[in-house]
Each structure stands twice: as structure tokens, then as C-alpha cells.
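Asks: task: produce atomic coordinates for the following.
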Amino acid sequence: MAIDEEKIRKGVELLLEGIGEDPKREGLQLTPKRVARMYTDIFSGVGVAPEEKVSLYTSENNDEMIVVKDIPFYSMCEHHLLPFWGHVSISYIPGNNQVTGFSSLVRLVDIVAKRPQIQERMTTELADALVSRLQPLGVMVVIKARQLCIAMQGVKRENCETITSAQRGYLRKQITRLEALNLFNG
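Replies: Numbers count the residues shown, from 1 in each chain. The predicted structure follows:
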């Protein structure tokens with residue numbers, strides 16, 4: 001589904017009017033257009049099947065763990081349309097010697113992050129996309145993030161960090177899960 005910038009522009013104008021502003025005021029005249037252009041980028045993951053962007057390679061692996069940690073991301077909370085941001089760490093154990101490039105993991109995070117969502121679902125979607133595409137023996141995804149909706153409104157606690165994790169396959173076993181966590185935190 002393509003992003004409809006005209007609808008976004010109209011929506012931003014209504015929002016500005018709704019808060020008592022004049023969208024024709026000098027400082028706001030271009031705001032609807034700017035927001036529409038920005039939303040085209042920050043929501044570019046909507047409707048994209050992330051697993052299709054993960055390249056596959058065959059490489060002898062012998063069931064060894066692969067870790068890419070601290071992949072930065074920015075996303076938008078679907079409850080308040082406020083940003084949340086942080087880092088994703090991914091660990092997987094290839095099955096049938098199927099691996100992916102490290103940049104594919106970064107692209108996967110970028111695609112999944114660029115949609116309105118909650119951090120919990122983002123974590124699950126990343127793990128499930130890797131399972132679907134790589135068919136690994138195990139996957140673990142950990143996201144550490146800060147939520148602007150916690151910092152700016154409601155409880156107003158700016159230094160809260162939220163951590164979510166998802167494990168699949170061998171990484172549900174305590175020994176491999178601990179190895180991945182040690183590598184993430186090492």
C-alpha cells in the first residue's frame with residue numbers, strides 16, 4: 001500500500017486547527033508538507049514483508065552462534081504516534097548452513113522499525129521473520145529502547161529503558177540463551 005501524502009497533509013492541517021493553531025501562519029505553512037514527506041520515510045516499512053529482504057547464503061557453520069548486537073533503530077508507538085528508539089541485538093544458530101549477511105540483519109531491523117507498532121510486537125516480528133526466512137536452529141532478539149510516550153506524557157519518566165526479548169528453537173534452552181545474553185552484554 002502506497003503512502004498517501006495528500007491525506008497526511010490534510011490530516012496535519014486538521015490537527016493544527018484542532019489544537020487551536022492556524023495552519024496558514026508563516027511558521028506552519030509548510031508543516032503539513034514536511035510531515036507528509038517525513039512520514040513517507042519513517043513509515044516506509046508498512047506493507048513490506050521483511051523476511052523477503054533477508055539474503056540467504058550457504059556457508060558451513062557447524063551450528064555455531066552468530067551475533068549482531070546494538071543495531072540502532074527509531075520507530076513510532078502506535079498508541080500515541082510518538083517515537084521510541086534504541087538498539088536491537090540478534091543471535092541465531094544457522095540450520096542447514098543457511099546464513100545471511102550482517103547488513104541483511106540491519107536492513108531487517110530498519111524495515112520492521114519503520115511502521116507504527118509497540119516494542120513487544122517489533123521484537124516478535126523480527127524473531128519470526130528470521131525463523132521464516134533462515135529456518136535456523138534458534139533465534140534470539142533483544143530490544144532495549146526508550147519510549148517518548150513514557151518520558152513526555154502520563155508518568156513522565158524520561159530515563160526509563162524498556163527491554164523485550166523473543167527466543168525461538170535452541171535459544172529457548174537456558175544454556176544457549178545465557179551464551180547469547182553474555183555475548184550481547186559482553
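
Asks: CA only for contacts and neighbour counts going forward, please
Replies: Fine.

Asks: can you pull out the helices in this protein?
Replies: Applying DSSP state H to the chain gives helices spanning 5-18, 31-42, 102-113, 119-134, 148-152, 174-185.

Asks: what's the closest of these to Pro83?
Replies: Among these, helix 148-152 comes nearest to Pro83, with 5.7 Å by C-alpha to C-alpha.

Asks: what helices and strands are in contact with the closest one?
Replies: strand 83-93 (3 or more C-alpha pairs under 8 Å, 6 or more residues apart in numbering; DSSP states H and E).

Asks: pull out the buried residues from the strand it packs on.
Replies: By neighbour count on 16 or more other C-alpha atoms under 10 Å, the buried set for strand 83-93 is 84-93.

Asks: quick check, central residue of this protein?
Replies: Ala113 (2.6 Å; C-alpha atoms, centre = their mean).

Asks: so what touches stretch 85-96?
Replies: Contacts of stretch 85-96 with the rest of the structure, by C-alpha atoms under 8 Å, 6 or more residues apart in numbering, involve 61, 63-75, 109, 134-147, 170-171, 180, 184.

Asks: for the record, mean pLDDT for it?
Replies: The average pLDDT within stretch 85-96 is 97.

Asks: run the chain-centre distance for the lowest-mean-pLDDT helix or strand in the chain.
Replies: Least confident helix or strand of the chain, by mean pLDDT, DSSP states H and E, is helix 148-152 with a mean of 90. Relative to its chain's centre, helix 148-152 lies at 18 Å (C-alpha atoms, centre = their mean, to the nearest Å).

Asks: tell me which residues touch Val131, please.
Replies: With C-alpha under 8 Å, 6+ apart, Val131 has these contacts: 138-139, 168.

Asks: okay, buried residues for stretch 47-67 please.
Replies: 50-51, 54-55, 65-67.

Asks: wait, Glu60 touches Asn97, no?
Replies: Yes - with contact defined as C-alpha atoms under 8 Å, Glu60 and Asn97 form a contacting pair (5.2 Å).

Asks: buried set for stretch 119-126?
Replies: Quick answer for stretch 119-126 (16+ other C-alpha under 10 Å): 119, 122-126.

Asks: beta-bridge partners for Ile93, please?
Replies: Here Ile93 sits in beta bridges with Gly138, going by DSSP bridges.

Asks: any idea how far Phe73 is from Val109?
Replies: Phe73 is 7 Å from Val109, where distance means C-alpha to C-alpha, to the nearest Å.

Asks: looking at these two, which one has more neighbours?
Replies: More crowded of Phe73 and Val109, by other C-alpha atoms under 10 Å: Val109, with 25 against 19.

Asks: now do the more buried one against Leu15, distance only.
Replies: Where Leu15 is concerned, Val109 sits at a distance of 30 Å (C-alpha to C-alpha).
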